[in-house]
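Chemist: when you get a sec, could you give me coordinates for this:
(one chain, ligands or ions: 2)
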Amino acid sequence: MTKQELLKTHFGYDTFREGQEAVIDALLAGKDVLAVMPTGAGKSICYQVPALMMKGITLVISPLISLMKDQVRSLNQAGISAAYLNSSLTQGQYFTALRYAKAGRYSIIYVAPERLTTEAFLDFALSADISMIAVDEAHCVSQWGQDFRPSYLKIAEFVAQLPKRPVIGAFTATATKEVREDIARLLGLQDPFCTTTGFDRENLYFAVKTPKDKYKEVHDYILEHPDDSGIIYCLTRKLVEEVCGKLIRDGITATRYHAGLSDEERRNNQDDFIYDRCRVMVATNAFGMGIDKSDVRYVIHYNMPKNMEGYYQEAGRAGRDGDPAECILLYSGKDVVTNQYLIERGQDNQEMEAAAWRLVRERDQERLKQMTFYCFTHDCLREYILKYFGEYGKSYCGNCLNCQTEFEEQDVSREARAMIRCVESSGQRYGVTVILDTLRGASTAKIRQYEMDGNPEYGVCAKIPAHRLRQIFNYLVLKEYLYLTDDGYTIVKLTAASRSLLEEAHILTMKMPKEQEPKKKEKRSRLPKSAVGELGEQDEPLFQKLRALRLEIAREEKIPPYMVFSDKTLIHMCLLKPGNEEEMLNVTGVGRHKYEKYGKRFIDAVQKL
Ligand code: ADP
Ligand code: ZN
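Modeler: Ligands and ions are numbered 1, 2, ... in the order given. Okay, the predicted model is just below:
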């Protein structure tokens, strides 16, 4: 079969996405590949399709066990024989799988990096016909990546021992130059074909909000999207417990995930989410790597994460099916402090030399700063993200909160000057809260203790709301008229540019959101957001029926509903109303294999409405 035919037969898709074809062609031509593609772009197809066209076995090296299980299950669903080898198997299962592997039963085998250099595995690998090695999450090999794993360094050692060198494909969503170079060098790629596909995920909507009450914001959002699956990311385990507990008390079917839970609970909770028994997952960043739940409709960050790489990866778990999805970040100043603490603490946990650690820490601080600026900017959020990953964005995307907010230029020179004078006259010794409280003329214990109520700037901005002052302050930091120290205590300092602002002739303006009328509540439809514009109210009964059938099948086969068919496929069925095999095969996401398993039942459902 050709690659197109394989794509259609096994995965049910008609066309390749950007970048996929070139990678597949290179691998088939025996050329190593280094592919940088954002989360959700479709990396797996890039090695799964050529794996099916090669004579020998493809080994997929992947860092997380949950990822392997999920991928293998999906492949089996698509009629492809695959297996995984990792520590979740009992010894008996492990040796059985190896025996089958030796007998050539699998075309794709997922393996954890720690396994590679074990005796039993080597024994198999040395005699097997291995055509390709695909390294997933390849940035794990680099110390500059966000999640360095020393066991990834074993990959090159393993390859060197093989009698015949297979072609190697490395895949990652991390785009920085250092990481790319490390991957090529440490995996020993030979003159690789390098490709970076667009980082833009057009179906994702981005927003940053600074609500007074984060919990209420999340709670209301969930109530407005009762049928959607979503992930709430929190920075700490404690917060996961707190938020999840409150949601459950408020009658929402939420579940939780963090490294402090037992393996069993984590697995159960994850399954509850994947199988749609729970709509909301509250988790730390320990959750999600390798979870290919394609119909996650929103990802809310309860806290700002510590870098853009992490943010985009986590946010990118929304809308992998290509349908509209929302990524909302709830920012508060405290998040910066918590992240700083986490960065400092990371120091004791790693076995790295002091010098290396200093570098890593400096980089982490810089990354945190860039993340913070994302939360402050009033420009297009998508553009900010794309620029961060080294691409040019349009300055207006129309699908982020900033693009949709009406701003007006306002003169903030007076407030800016007051801030700078206040920092200067108090000796550059205090944090943000003290400075802003002074300007507002607050009478807190700290203000009295530091005698800031005697400062010449005390109360000069008393009429300006606190959140507005905050925005102006953040803007000054963004524009480098002020800066914050990052050695544990965040102290406000002047910069070389500060003084220029004090001149009367210097006018500083910034974009401020216009005060807006509260939005009218739209009538709620039970159709998923992705169907809006595609399906009308009259299609709703059929859509709900197909959805129910999907759930029924998922329960019978003990697989997640989206593995039967995606929402997109169901929507397409509502539009085409297929009455026979040929028509059913025209529906996106319906391949030959799935047609044989489910086609008839869905045709019946469509026809017998
Ligand atoms: P990544 O590993 O890059 O995060 P995945 O490989 O998990 O992304 O793919 C994300 C989603 O996109 C999956 O649901 C996958 O089935 C889907 N997908 C991949 N390639 C295509 C394609 N050519 N057409 C339609 N959907 C695709
Ligand atoms: Zn935008």
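Chemist: contacts for the worst-scoring helix or strand of the chain on mean pLDDT?
Modeler: When the helices and strands of the chain are scored by mean pLDDT, DSSP states H and E, helix 333-349 comes last with a mean of 78. The contact list for helix 333-349 (Cβ atoms under 8 Å, 6 or more residues apart in numbering) reads 235-236, 303-306, 357, 361, 364-365, 368, 371-372, 432, 470, 486, 488, 490. Yep, even glycine has a C-beta here, placed from its N, CA and C like the rest.
Chemist: who's in contact with the helix or strand Glu582 falls within?
Modeler: Per DSSP states H and E, Glu582 falls inside helix 581-585. By Cβ under 8 Å, 6+ apart, the residues outside helix 581-585 that reach it are Leu576, Pro578, Val590, Arg592, Tyr595, Gly599, Phe602, Ile603.
Chemist: the first one contacts Val587, correct?
Modeler: Yes: counting by Cβ atoms under 8 Å, Val587 is a contact partner of Leu576 at 5.9 Å.
Chemist: who has more neighbours out of those two?
Modeler: Higher neighbour count among Leu576 and Val587: Val587, with 24 against 14, using other Cβ atoms under 10 Å.
Chemist: so what's the nearest residue to the more buried one once chain neighbours are set aside up against?
Modeler: Counting by Cβ to Cβ, 6 or more residues apart in numbering, Val587 lies nearest to His572, which is 4.8 Å off, once chain neighbours are set aside. Counting by Cβ under 8 Å, 6+ apart, His572 touches Val587, Thr588, Gly589.
Chemist: how about the residue of the chain found nearest ligand 1, phi and psi?
Modeler: As assessed by Cβ to the nearest ligand atom, ligand 1 sits closest to Gly42 within the chain, at 2.9 Å. With angles defined as degrees, to the nearest 10, Gly42 sits at phi 110, psi 50.
Chemist: residues contacting the spatially most central residue of the chain?
Modeler: Centroid check for the chain by Cα atoms, centre = their mean gives Glu314 as the closest residue, at 2.0 Å. Counting by Cβ under 8 Å, 6+ apart, Glu314 touches Ile231, Tyr233, Asn285, Gly288, Val299, His301, Pro305.
Chemist: using the three-state scheme, assign the closest residue to Arg470 other than its chain neighbours.
Modeler: Spatial nearest neighbour of Arg470, excluding adjacent residues (Cβ to Cβ, 6+ apart): Leu436 at 6.8 Å. For Leu436, the assignment made with DSSP: H, G, I helix; E, B strand; the rest coil gives helix.
Chemist: packing partners for the longest helix seen in the chain?
Modeler: In the chain, taking DSSP state H as the definition, the longest helix is helix 354-376. Applying 3 or more Cβ pairs under 8 Å, 6 or more residues apart in numbering; DSSP states H and E, one finds that helix 354-376 contacts helix 308-315, helix 333-349, helix 381-388, helix 466-478.
Chemist: do that again at 6 Å, thanks
Modeler: Under the contact criterion of 3 or more Cβ pairs under 6 Å, 6 or more residues apart in numbering; DSSP states H and E, helix 354-376 touches helix 333-349, helix 466-478.
Chemist: buried residues, that helix. List them.
Modeler: Buried residues in helix 354-376, counted by 16 or more other Cβ atoms under 10 Å: Val360, Arg363, Asp364, Gln365, Arg367, Leu368, Lys369, Met371, Thr372, Tyr374, Cys375, Phe376.
Chemist: any idea how far Leu204 is from the nearest residue to the fifth one once chain neighbours are set aside?
Modeler: Once its chain neighbours are removed from consideration, Arg367 has its nearest residue in Asn307; the separation is 3.6 Å (Cβ to Cβ, 6+ apart). Between Asn307 and Leu204 the distance, using Cβ to Cβ, to the nearest Å, works out to 18 Å.
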